[in-house]
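>>> Structure for this input, please:
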Amino acid sequence: MEIRRYLILVVISLPFATSGFADAAPNSLMAVPPIESSWTDLTEGTTSKTDWDKQRPIIKQEFLDLLRDQYKPEKPPLDLKIHESVIVEGIYTRKLISYAVEADERAHAYLGIPLETKGKLPAVVALHGTFAEGAKRAVGLVQNPNKAYLDHLCRRGYVVIAPEHFVSGHRIPEKGAYDTTAFYEKHPNWTAVGKFTYEHSIAIDVLETLSEVDAEKIGVLGHSLGGHGSIFLAAYDERIKAAASNCAAPSFRHNPGVINWARDHWYVYFKHLRPGLLNNELPPIDFHHMVALVAPRPMLQIMALNDGNPGTQRQRVLMMLSIAKLYDIVEAPENYAFFTHGRGHSVPHETRQLMYGWMDNYLKPPEATATKLVTE
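As a prediction, the model looks like this:
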């Protein structure tokens, strides 16, 4: 009698998931080790929104102490003036304006307002980088049009204010653009960062005077000096409802060039930090704490891994992961994002689109970014 043998293969299909497996991974390479770094100090002892609500005021005060905010002058009336006004290609009006920021000092800015408006519009404070002519580049009048944020955003339906940094444009000091010697002679106890952050906050005051602006939909973005200016302003002023920072300066820790935050010449960010930095003493807070002050409001960080010291830049990726964890804790993970690339200190097409899309998503009504199915 012929005996036939059959092989029966039974296949059991199980749903694949990223969590919930009953058995541990047999290979240590399959396990997910915790990411540990010096940046995890942000969330040490903070596991809930309640914990963060207790910790945040402490960090906010440390931030204000870093700026030496207590030494800012009394805010004067705006006394807004329009110096010129032109219509750009029939799309928006661009105005050169000035307004008081101290009793004896006026800031200049460009203001762009779309001509076609339906109700109140979202607005953006657009911050330029270290450039002698200041906001002229941010409106597209000179140099690199990749950085013409005012022009780009007005065409997308935003009211935009592009303030001049206080040592550029109309206020270049006697010793040259971005030299802060005269500033510290006038305000020996303040900081340059405190000064420009305070002035950028006054730019928000200007936006709030405009009938075209929805005061609940104001954002900030910038590159380089304007990139960390965006972080400072969003941390400082909660009227900022969405922020995007491109190629901001590196942090204090893990930064071989940390003394550049407190140089003894030219542009001095934090003059009072110099003695401590020379003695290897860092401030009590760093940039991950400052960005955390923005939470749960939307914050986008963009950086290049080849923008300066590679090790420092890779540390910044770990820093951004720690901020993402904080956004998880405050139950707003969707409001934080970061993007890294290898295109150096620049504002290429894809990063501009990310920043502008970020503003669209959080400052415009849902229908402005909604997609739809094809009907035919």
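>>> Look at the residue nearest the centre of the chain and give its secondary structure.
For the chain, the residue nearest the mean C-alpha position is S245 (3.2 Å; C-alpha atoms, centre = their mean). Classification of S245 by DSSP: H, G, I helix; E, B strand; the rest coil places it in strand.
>>> I'd say it and L225 touch.
No. Look at S245 against L225 with C-beta atoms under 8 Å: they stay out of range, at 11.0 Å. Yep, even glycine has a C-beta here, placed from its N, CA and C like the rest.
>>> any idea how far the residue nearest to the centre of the chain lies from S224?
10 Å (C-beta to C-beta, to the nearest Å).
>>> Kindly report the same for F339.
For F339, the distance to S224 equals 16 Å [C-beta to C-beta].
>>> mind listing what's buried in the helix or strand that W358 is a member of?
Here W358, judged by DSSP states H and E, is contained in helix 349-363. For helix 349-363, the buried set under the neighbour-count rule, 16 or more other C-beta atoms under 10 Å, comprises T351, R352, L354, M355, Y356, W358, M359, D360, N361, Y362, L363.
>>> check contacts around the fifth one.
For Y356, the set of contacting residues under the criterion of C-beta atoms under 8 Å, 6 or more residues apart in numbering consists of H152, L153, R156.
>>> Try it again at 10 Å.
Contacts here follow C-beta atoms under 10 Å, 6 or more residues apart in numbering; on that basis Y356 touches V124, Y149, H152, L153, R155, R156, Y158, L221, A244.
>>> host element of the first one?
With the criterion set as DSSP H and E, the secondary-structure element containing V124 is strand 121-127.
>>> Let's see whichever helix or strand comes after that strand as CSV, backbone CA atoms only.
Downstream of strand 121-127, the first helix or strand assigned by DSSP H and E is helix 135-138. The C-alpha trace of helix 135-138 is given here as CSV (Å, rounded to 0.1, in the frame of the first residue of the first chain):
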residue,chain,number,x,y,z
ALA,A,135,14.7,95.0,7.0
LYS,A,136,15.3,96.0,3.3
ARG,A,137,16.3,92.4,2.6
ALA,A,138,13.3,91.0,4.5
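>>> and helix 135-138, what does it pack onto?
strand 105-114, strand 121-127, helix 149-155, strand 159-163, strand 213-223 (3 or more C-beta pairs under 10 Å, 6 or more residues apart in numbering; DSSP states H and E).
>>> Show me what the fourth one is packed up against.
Meaning strand 159-163. strand 92-102, strand 105-114, strand 121-127, helix 135-138, helix 149-155, helix 192-208, strand 213-223, helix 225-236.
>>> just the ones you listed: most buried one?
Highest mean neighbour count among the helices and strands packed on strand 159-163 (mean count of other C-beta atoms under 10 Å): strand 121-127, with a mean of 29.
>>> what lines up beside it in the sheet?
strand 159-163 (parallel), strand 213-223 (parallel) (DSSP bridges).
>>> how about a markdown table for those, with distance to H108 added?
Below are the strands paired with strand 121-127 laid out as a markdown table (distance: least, C-beta to C-beta, whole Å):
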| stretch | distance to H108 |
| --- | --- |
| strand 159-163 | 8 |
| strand 213-223 | 17 |
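>>> quick one, what contacts the closest residue to S224 other than its chain neighbours?
Excluding the flanking residues, the one nearest S224 by C-beta to C-beta, 6 or more residues apart in numbering is G129, at 3.4 Å. Residues near G129 by C-beta under 10 Å, 6+ apart: 137-138, 144, 147, 165, 168, 222-229, 246-247, 345, 347.
>>> any idea where the strands of the stretch 251-376 of the chain begin and end?
Using DSSP state E, counting those that start in this stretch, the strands of the stretch 251-376 of the chain run over residues 299-304, 336-341.
>>> Tell me which of the ones you listed sits most buried.
Highest mean neighbour count among those (mean count of other C-beta under 10 Å): strand 299-304, with a mean of 24.
>>> so it versus helix 225-236, what angle?
Angle, strand 299-304 to helix 225-236, by axes from the mean of the first three to the mean of the last three C-alpha atoms, to 10 degrees: 160 degrees.
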